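>>> Just a sequence and a predicted model for now, questions to come.
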Amino acid sequence: MSTQWQSIKPSDILTKEQSHRLRQRSDLMGAWLLVHCWGVIAVAIALYALFPNVLTFLVCAVLVGSRQLGLAIIMHEGSHGMLFKTRWINERFTAWCAAWPMVLRMQNYRIRHMAHHRFTRTEDDPENFLYTPFPVSRESMLRKVARDLTGIVFLRTQLGIFRFIWGGREGRIERLKAFYTGPILFYTLFIAGFALAGRLDLFVLCWLIPLMTTQQLFLRVRNIAEHSTMPDLAHPLKNSRTTLVSIWERMTFAPYYVNYHIEHHMLPFVPCWRLPEVHRIMLERGFGGEMEIRRGYWDVLKLNAAA
């Protein structure tokens, strides 16, 4: 049982009827999330391809980086089995269209992430390393942002993942095949498509650079917002954070309702597109006064860069 449910259970938040309705998944909505994400990426790349200049490149880098984060969020949704109602579609399309482009394997992510849900912000939480360094000084935060935007964090992360998979000699080849076969297949076809169009420069400028830079910054800010510098690690409504966002923040740091993080931790069986309704229900049920809610990511960054 999740540590989040020791004092507050899903039945304390939702009626049986609400729980049944809100847990329903949809193949149509899953397809729409993927089509929307890749559609934004395609439009952003086309914008730069048709009107190549500094401004359109910056717009492309922001939009593509945000949707690359969106792909990671969609993979997270699939790891919970909630992206598609049909299980085999959920497993395959989440891997093919969301995990592999981000050089990830959903099965590996799922194991770690389920442990994060079970042991949220306890000593057994495998994702604690993302949150425990904060708060930091403003100078330290600026250095982290600089490393994000120069690709240093991306390269360090990829090297760290490779070293972890390389691990001990026993089973090494099998681990490498299991993790990298999918991403290699995806990038072989993806790069071939750009090459056949005679535009390998678009792959570098409009995919690889955002992946290494803007996506890393958006990912960091989102991670900080979810669990860093929390008021009470033992309280299920205060060891996760919900951030109320503007339209531009939803276009960058918080695609696909990822900002409703308390709601997701308390009801991890609810698809992401239903979380705004869960938020309203929790406020109506009187939980709002206990919830760690911030307005905007700038507020979250100030909290975490105040040391």
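Cool, the structure landed.

>>> Name the nearest residue to residue 219, sequence neighbours excluded.
Leaving aside its chain neighbours, residue 219 sits nearest to residue 69 (5.6 Å; criterion: Cβ to Cβ, 6 or more residues apart in numbering). Quick note: C-beta positions are derived from backbone N, CA and C, even for glycine.

>>> Tell me who's in contact with that neighbour.
215, 218-219, 222, 253, 255 (Cβ atoms under 8 Å, 6 or more residues apart in numbering).

>>> so can I have TSV of these showing neighbour count, distance to residue 89 and pLDDT?
Converted to TSV, the contacts of residue 69 look like this (neighbours: other Cβ atoms under 10 Å; distance: Cβ to Cβ, whole Å; pLDDT from 0 to 100):
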residue	neighbour count	distance to residue 89	pLDDT
215	25	26	98
218	25	27	98
219	22	26	98
222	22	26	97
253	24	29	97
255	26	21	97
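
>>> Helices - which of these land there?
Counted as lying in helices by DSSP state H, out of those, are 215, 218-219, 222.

>>> which of those residues lies closest to residue 53?
Checking the ones in helices among the contacts of residue 69 against residue 53 with Cβ to Cβ, the nearest one is residue 215 at 21.9 Å.

>>> do you know how far residue 176 is from residue 75?
As for residue 176, its distance to residue 75 is 20 Å (criterion: Cβ to Cβ, to the nearest Å).

>>> neighbour count winner among the two?
residue 75 (24 against 14; other Cβ atoms under 10 Å).

>>> Now that one: closest residue in space, sequence neighbours ignored.
Counting by Cβ to Cβ, 6+ apart, the residue nearest residue 75 is residue 98, at 4.1 Å.

>>> Give me the pLDDT for that neighbour.
Note on residue 98: pLDDT of 98.

>>> ok so, going back, next, format the contacts of residue 69 as a markdown table and append distance to residue 162.
What follows is those, written out as a markdown table (distance: Cβ to Cβ, whole Å):
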| residue | distance to residue 162 |
| --- | --- |
| 215 | 19 |
| 218 | 23 |
| 219 | 19 |
| 222 | 24 |
| 253 | 28 |
| 255 | 27 |
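
>>> Touching the helix or strand where residue 302 lies from outside, list them.
For residue 302, the host element (DSSP states H and E) is helix 297-304. Outside helix 297-304, the residues that touch it by Cβ under 8 Å, 6+ apart are 134-136, 141, 221, 224-225, 228-229, 241, 243, 245, 249, 253-254, 294.

>>> Give the buried residues for that helix.
Neighbour counts over helix 297-304 (16 or more other Cβ atoms under 10 Å) mark 297, 300-301, 303-304 as buried.

>>> chain center to stretch 122-140, what's the gap?
17 Å (Cα atoms, centre = their mean, to the nearest Å).

>>> likewise stretch 294-307?
Counting by Cα atoms, centre = their mean, stretch 294-307 is centred 19 Å from the centre of its parent chain.

>>> what mean pLDDT does it have?
93.

>>> same deal with stretch 231-248?
97.

>>> For that stretch, what is the spacing between the initial and final residues?
From its first residue to its last, stretch 231-248 covers 27 Å (Cα to Cα, to the nearest Å).

>>> Where does the most centrally placed residue in the chain sit, in terms of helix or strand?
Geometric centre of the chain, nearest residue: residue 73, 3.6 Å, by Cα atoms, centre = their mean. Following DSSP H and E, one finds residue 73 within helix 54-79.

>>> For the helix or strand following that helix, buried residues please.
Once helix 54-79 ends, the next helix or strand along the chain (criterion: DSSP H and E) is helix 87-94. Residues of helix 87-94 classed as buried: 90-91, 93-94 (neighbour count, 16+ other Cβ under 10 Å).

>>> same thing with stretch 186-203?
In stretch 186-203, counting by 16+ other Cβ under 10 Å, buried: 186-187, 194, 202-203.
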